[in-house]
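K.L.:
Following is a predicted model, sequence given first.
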Amino acid sequence: MLRKKSRTKDAGSDLRRVLGGMELPTIPGVVTMAIEQVSAPECDMRQVAETVSRDPGLSARILSVVNSAAYAPRNPIVGVAQAVTMFGKNHLESMLISLAASRATSQVTTPGFDLGGFWQIAAWKASAAGTLSRRFDRARSSENFSAALLQDIAVPLLVSGHPRYRAVLADWQGGGGDLIELERDTFGWTHYEVAGWLFDEWGFPQKLRDAVTESGEPPEVTVEYPVVRAVACLSAPLPQAEVIDGAATLLSTTFGLDPESATELLETAQVDGAKLAQSLS
């Protein structure tokens, strides 16, 4: 079940300290109810489908995602109940969390920030994480998908709510160094940590919080969530060909993929991610 209060004692105060007087984005009650239902030990998928159906926006997004290239059903899925069944319990929980977070973030006003481009990269990461998980971490494929999609979720909030963050982000985008190091040196925290505080505020599962807050660590196969760590590099502010080359090298080193296969995986994930982003942004 979702928890209504922050599990990290000072997460709420830390979040408000960082974001100042900014009004925190919220998750609609119907969406929260659906997540609670699907995360219950004795989940009734028919009940979940009925709850999702009460929210036309959520229903439309669920159908859009399940019919996207990331899932590629043989025949179009036209009903929420059918979509819920196709996702399955674990992946449906992950998808509801992802859609809830993306919907909440859309409430944030970020003048000059390319939110559409942000979701393009986030969806690319999620698609790549999904493909990698099927080969190297199938047991956590749902967690990896959501964590990859949401690992940068705090960035638009920080651009909107923190007076100095936009300058740090611009410095990084201009080649001023590693974003995590810039954040730690300037603020004493990273956007991954801020995302963790936000997940506590929303009552998201601890496993998702852990996967995201550890995104900045090296992607070694012996640690938890190597897939999530590996796709973090797709945010790099470099020409696309350089991003793919660098990521392919990292995947080769971490998972033993040959560079050509790694490149093909990333390019396919980018195409699939672009279609997925349309249902998220």
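P.N.:
Perfect, I can see it now. Numbers count the residues shown, from 1 in each chain.
K.L.:
make it CA atoms for all contacts and neighbour counts henceforth
P.N.:
Noted.
K.L.:
So, low pLDDT: which residues of the chain?
P.N.:
Within the chain, the set of residues satisfying pLDDT under 70 comprises 1-11, 69-71, 221-222, 279-281.
K.L.:
contact partners of the helix or strand where Ser133 lies?
P.N.:
For Ser133, the enclosing helix or strand under DSSP states H and E is helix 115-136. For helix 115-136, contacts defined as CA atoms under 8 Å, 6 or more residues apart in numbering pick out 70, 139-142, 144-150, 152, 156, 227-228, 231-232, 234-235, 255, 265-266, 269-274, 276-277, 280-281.
K.L.:
Other residues contacting the helix or strand just after it?
P.N.:
Counting by DSSP H and E, the next helix or strand C-terminal to helix 115-136 is helix 141-150. Residues from elsewhere that reach helix 141-150, judged by CA under 8 Å, 6+ apart: 90-91, 94-95, 97-98, 101, 122-123, 125-127, 129-130, 133-134, 207-209, 211-212, 225, 227-228, 231-232.
K.L.:
distance between helix 141-150 and the chain's centre?
P.N.:
6 Å (CA atoms, centre = their mean, to the nearest Å).
K.L.:
counting contacts, what elements does the next helix or strand after that helix pack onto?
P.N.:
Proceeding N to C from helix 141-150, the next assigned helix or strand is helix 154-161, under DSSP H and E. Using 3 or more CA pairs under 8 Å, 6 or more residues apart in numbering; DSSP states H and E as the contact criterion, the neighbours of helix 154-161 among helices and strands are helix 11-19, helix 165-173, helix 191-202.
K.L.:
Distance of the residue of the chain most remote from its centre relative to Arg16?
P.N.:
Within the chain, Asn75 marks the point farthest from the mean C-alpha position, 27.1 Å out by CA atoms, centre = their mean. Look at Asn75 and Arg16: by CA to CA, to the nearest Å, they are 46 Å apart.
K.L.:
Buried ones in stretch 106-126, by neighbour count?
P.N.:
Using 16 or more other CA atoms under 10 Å as the burial criterion, the residues of stretch 106-126 that qualify are 106, 108, 115, 118-126.
K.L.:
ok, these vs Arg46, which is closest?
P.N.:
Comparing the buried residues of stretch 106-126 against Arg46 with CA to CA places Ala126 closest, at 27.1 Å.
K.L.:
Distance of the closest one relative to Gln278?
P.N.:
Ala126 sits 14 Å away from Gln278 when distances are taken as CA to CA.
K.L.:
And for Ala147?
P.N.:
Distance, Ala147 to Gln278, by CA to CA: 19 Å.
K.L.:
More neighbours: those two, which one.
P.N.:
Taking neighbours as other CA atoms under 10 Å, Ala147 and Gln278 compare with Ala147 leading, 31 against 16.
K.L.:
Where does Arg61 sit, in terms of helix or strand?
P.N.:
Arg61 is part of helix 56-66, with elements assigned from DSSP H and E.
K.L.:
Between helix 56-66 and the following helix or strand past that helix, find me the angle.
P.N.:
Moving toward the C-terminus from helix 56-66, the first helix or strand encountered (DSSP H and E) is helix 80-87. Note on geometry: by axes from the mean of the first three to the mean of the last three CA atoms, to 10 degrees, helix 80-87 and helix 56-66 are set 40 degrees apart in direction.
K.L.:
Identify the residues contacting helix 80-87?
P.N.:
By CA under 8 Å, 6+ apart, the list of residues contacting helix 80-87 reads 45-46, 48-50, 52-53, 59, 62-63, 66, 77, 92.
K.L.:
Could you list the buried residues of it?
P.N.:
Of the residues in helix 80-87, those buried by neighbour count under the rule 16+ other CA under 10 Å are 80-81, 83-84, 87.
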